[in-house]
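S.K.: Structural data only, the sequence is not supplied:
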């Protein structure tokens, strides 16, 4: 054996060979242990993935189940709402049908009553005509005691005993009441001879047997609507208490009939009723030191103020009525609002302040009196006049309405004192 062969195959040590074999076997064991551990980890990871997937599926199923339950609740609620809506609609239809039935029954009852009323009216008219034919007084109506103009004479005419014609029972009071009803409901412009005759169940021509013109009708209406004052004597207090009582009684009458503002000419102002009011007002001042022209002037100022307020009320009422008929809301125009639109703080500062405070819509009733501010102000002025007249040391004020201690003309006094 040469030297090269000896170098390539050295002699082996048995101990080293055993150690190498042990190391190899230990490495194999470690490798197998590592592989088993990796396989175990893989199995655990796979089991964890399966558990997570199962949990996700369970969660998805639970969510789906809750969604189905929520959808079912929504459907149930919508169904209940539909059923409730249908029930309400059925009830509304039933109520509408019941109301329609009641309305038809009411209309039938109204037609029946109307027919019965018409039959009763025809029967009454027939009986009246028969009574007229049997016994009809032909005595003419009593004439007025004085030679008065027609517009005034009708106010002082004594009631007629009877007149020729098919309907002698009509009275001047009935004519006045029919005119007042029309004027209160529709305004003074609605009063005409034709409308009056229709409301009374007469023809227009037959109405002229009792009054000769619309002016006479207005005179009758004005005096009858004014009424009569109660007995107001000195036992009720002094001149001011008596005048305040008269004005507080008169104001509701005027407000109830605002059209009286347009029937205050002399022909309508000196009927029995209005003369009674003038007498009561003058009598309240009878114990004062005022002269007779001053007394007439004082109550004339009071009446003029009342009529001025009444004219405003009548115009506003007419405007509201015209607006309602025209399809608007029917509200009377707000004077303060109109002034607020037209005036500015630069051009009309005082007007703007008054309008902003609501002064133009203020009723102005003075607490404790029941009277408006203007009336109380005039009464205060009369009190000052009485005080000055009763004190000789004070200069006497001029006589109201005249410079020569004479009463104002009849037409002026009649217009002012006719309230």
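M.R.: Perfect, I can see it now. Keep in mind it's a predicted model, so treat the numbers as computed, not measured.

S.K.: How is the protein partitioned into domains?
M.R.: By the assignment in automatic domain parsing, the chain contains the domains 150-225, 232-417.

S.K.: Contact partners for residue 205?
M.R.: By C-beta atoms under 8 Å, 6 or more residues apart in numbering, no residues touch residue 205. To be clear about C-beta, it is placed using only N, CA and C from the backbone, and glycine gets the same treatment.

S.K.: What helix or strand is it located in?
M.R.: helix 204-207 (DSSP states H and E).

S.K.: tally of neighbours for residue 351?
M.R.: 18 (other C-beta atoms under 10 Å).

S.K.: Now do the residue nearest to it when sequence neighbours are not counted, the pLDDT please.
M.R.: Of all residues not flanking residue 351 in the chain, residue 343 sits nearest, at 4.6 Å (C-beta to C-beta, 6 or more residues apart in numbering). Confidence at residue 343, expressed as pLDDT, is 82.

S.K.: same deal with the one 5 residues further on?
M.R.: Predicted confidence (pLDDT) at residue 348: the value is 89.

S.K.: ditto for residue 404
M.R.: Residue 404 carries a pLDDT value of 39.

S.K.: Repeat that for residue 108.
M.R.: Residue 108 is assigned a predicted lDDT (pLDDT) of 87.

S.K.: quick one: contacts for residue 310?
M.R.: 254-255, 258, 260-261, 419 are the contacts of residue 310 under C-beta under 8 Å, 6+ apart.

S.K.: Restricted to strands, list the residues you listed.
M.R.: Counting by DSSP state E, none of the members of these fall within strands.

S.K.: out of the residues you listed, which is most surrounded?
M.R.: That'd be residue 419 among the contacts of residue 310, by other C-beta under 10 Å, with 29 neighbours.

S.K.: what are the ranges of the helices in the stretch 201-350 of the chain?
M.R.: 204-207, 214-226, 239-256, 266-269, 272-284, 292-325, 335-342, 349-356 (DSSP state H, counting those that start in this stretch).

S.K.: who wins for proximity to residue 53 among these?
M.R.: With C-beta to C-beta as the criterion, residue 53 lies closest to helix 335-342 of those, at 78.5 Å.

S.K.: returning to that earlier point: and the gap between the residue nearest to residue 351 and residue 315?
M.R.: 21 Å (C-beta to C-beta, to the nearest Å).

S.K.: Please report the distance of residue 237 from residue 245.
M.R.: 8 Å.

S.K.: So those two - more neighbours on which side?
M.R.: residue 245 (18 against 14).

S.K.: That one touches residue 236, doesn't it?
M.R.: Yes: under the criterion of C-beta atoms under 8 Å, residue 245 makes contact with residue 236 at 6.4 Å.

S.K.: Mind listing what's buried along stretch 229-243?
M.R.: Using 16 or more other C-beta atoms under 10 Å as the test for burial, stretch 229-243 gives 229, 232, 239-240, 242-243.

S.K.: Where does confidence bottom out across these?
M.R.: residue 232 (84).

S.K.: Pull the contacting residues for the nearest residue to it once chain neighbours are set aside.
M.R.: With C-beta to C-beta, 6+ apart as the criterion, residue 232 has its nearest non-adjacent residue at 5.2 Å, and that residue is residue 242. Neighbour list for residue 242: 232, 234, 236, 280, 283-284 [criterion: C-beta under 8 Å, 6+ apart].

S.K.: what does residue 201 give?
M.R.: By C-beta under 8 Å, 6+ apart, residue 201 lies in contact with residue 121.
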